[in-house]
Structure formats: structure tokens, C-alpha cells
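> just need the structure, nothing else, for what follows:
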Amino acid sequence: MKTPIFRITTSAYNEAIKTIGSKPAENGGIFLGSSPDIITEFIFDPYGETTQVTYSPHTPYLNEALKKSINKLYGIVHSHPVGIEKLSGGDKTYLAEWFNYFDNDFFFAPIIQSARETDFKIIPYVIFRDGTVRETTLEVVPDDYEPYLKFLEELDNTVSRQDVTEIEVNQPEILESKSVTHEMESLQLLSVLFGVMDNFPFKTLYHGLMIVLLGSLFLMLLAFSPGLHYLFVQLLKS
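Numbering: from 1, shown residues only. Below is the predicted model:
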């Protein structure tokens, strides 16, 4: 079964911080929502039996609170001492009993590290009916979460329509095309500098300038080299 994301509204998240997150370890409460997709309500258990290493929910109080709520139970949360960030064997055994009284396929069972003792932290777990426990993803969403969920749905639909394999295959070709373009630009620049562009007026001007330059150099050599001047005269006479 796919691991569900632990999505919780901002107000429910803040309520957990103000209560469990601000008290010593081994305090707890329950999470509720209209569906398992979004936790919208947190109920703190002020009457739970606690020690330094155990928390036992006060079920009469929680059952009464659950009856008054329009939401359904989707999780139980409690805090652990500093450094203990996993569900204990006793936690798993106790949570497994909940499936005898509720028809849920799973329950969220986060562990909290209280700010009373260390930096506040929620480690989100989910326990399935078959006893499997997995760590999941925590996602805090706005209280007005419907536009947010609609955005996520549209995003998922957009991604699902894309051919990921095609994108991965074409990416190197895109990069290679850019390299070729840069090489062509460099060649065109060299062509301008050395006069080899396929441009007739430019080639004519270039050749004319080269003839004038070479003629000037030859005349300078004749003027400043008597021996070369004499040889050139003799060649003309012959």
C-alpha cells in the first residue's frame, strides 16, 4: 500500500506545538479530519496518565471529544524523551489494538520531541492494519487548503502527461545543439577577421587592399635596397 503523506492544517499543527510541544515528554492527543488526506483538528489529552517514559491516553475524555467532533479519527500522537524518535514496541502493540475498534486502513502515529526539552520536532509515522510501520512525509498546509489541494492535483496531472523518458533522452541533444551554435558563432567571427566570408563586395575590397599593401612593400624594398633595384632594372631591360 502506498504510504500516505501526513498533511496537517496550520491551525492543527500550531495547536500540537502549543500543547504537546510545550510540555515535558510523554504527553499526547489525537488527530482528526474529514478524510485521511488532511488532518484538520488536534485534540490534546490533558488527563492522560504519564510518567517520564510512558503515556496512557485518557480514553473517556478522548471518546467524548470525538463524539462532539464532526471529523473522524485518523491518528494519535505523543511525545518521547530527547533522542527517542521511533515508536517503541509498546507503542506499536497499543496502536494495533485500535484497528479492533475503527475501520481505518491506517493511523498516523507521529512522535514529538518537545521544545520543553530540545528543539521541537515531529517525526511522522504511519501504522497499517497489518502492523507495518513506515516513516512518512510531514506537510503543513493552509487552513484554507482546498485551493492548495486543487493546485497539487493539477500539478500531478500535468506531470503525468509528460513523457519523462523523452525529456531525459532529448536533454543531451539540446545541450549539444547549444555547443554547436557557439562553435558556429566562433567560426563566423574568424571568417570576418580573415576575409573568407562568402560575400563578394567584402572579398573584392579585401583583395584590393592586399594588392596595394604588397605593392607598397615591394616599392619600399626597391627604394631602400640598391642591389635589388639594379637587379629589377636589368630584368626589365632583358
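
> what are the ranges of the strands in the chain?
6-9, 28-33, 41-44, 49-50, 55-56, 72-79, 106-108, 111-113, 121-123, 125-128, 133-135, 138-141 (DSSP state E).

> residue 122 bridge partners, please.
Beta bridges link residue 122 to residue 112, judged by DSSP bridges.

> now residue 137: closest residue in space that isn't a chain neighbour?
Nearest residue to residue 137 in three dimensions, chain neighbours excluded: residue 5, at 4.9 Å (C-beta to C-beta, 6 or more residues apart in numbering). (Glycine included, C-beta is placed from N, CA and C.)

> coming back round to it: will you turn the strands of the chain into JSON lines that also has distance to residue 210?
Shown next, in JSON lines, are the strands of the chain (distance: least, C-beta to C-beta, whole Å):
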{"stretch": "strand 6-9", "distance to residue 210": "76"}
{"stretch": "strand 28-33", "distance to residue 210": "85"}
{"stretch": "strand 41-44", "distance to residue 210": "87"}
{"stretch": "strand 49-50", "distance to residue 210": "98"}
{"stretch": "strand 55-56", "distance to residue 210": "95"}
{"stretch": "strand 72-79", "distance to residue 210": "86"}
{"stretch": "strand 106-108", "distance to residue 210": "84"}
{"stretch": "strand 111-113", "distance to residue 210": "82"}
{"stretch": "strand 121-123", "distance to residue 210": "78"}
{"stretch": "strand 125-128", "distance to residue 210": "82"}
{"stretch": "strand 133-135", "distance to residue 210": "77"}
{"stretch": "strand 138-141", "distance to residue 210": "73"}
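
> including distance to residue 93, mean pLDDT and mean neighbour count, could those strands go into TSV?
Below are the strands of the chain laid out as TSV (distance: least, C-beta to C-beta, whole Å; pLDDT from 0 to 100; neighbours: other C-beta atoms under 10 Å):
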stretch	distance to residue 93	mean pLDDT	mean neighbour count
strand 6-9	22	97	24
strand 28-33	16	97	23
strand 41-44	23	98	22
strand 49-50	17	93	14
strand 55-56	13	94	18
strand 72-79	13	97	23
strand 106-108	13	98	23
strand 111-113	16	97	22
strand 121-123	19	96	18
strand 125-128	11	98	22
strand 133-135	12	97	15
strand 138-141	24	96	16
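
> okay then, goodbye and thanks.
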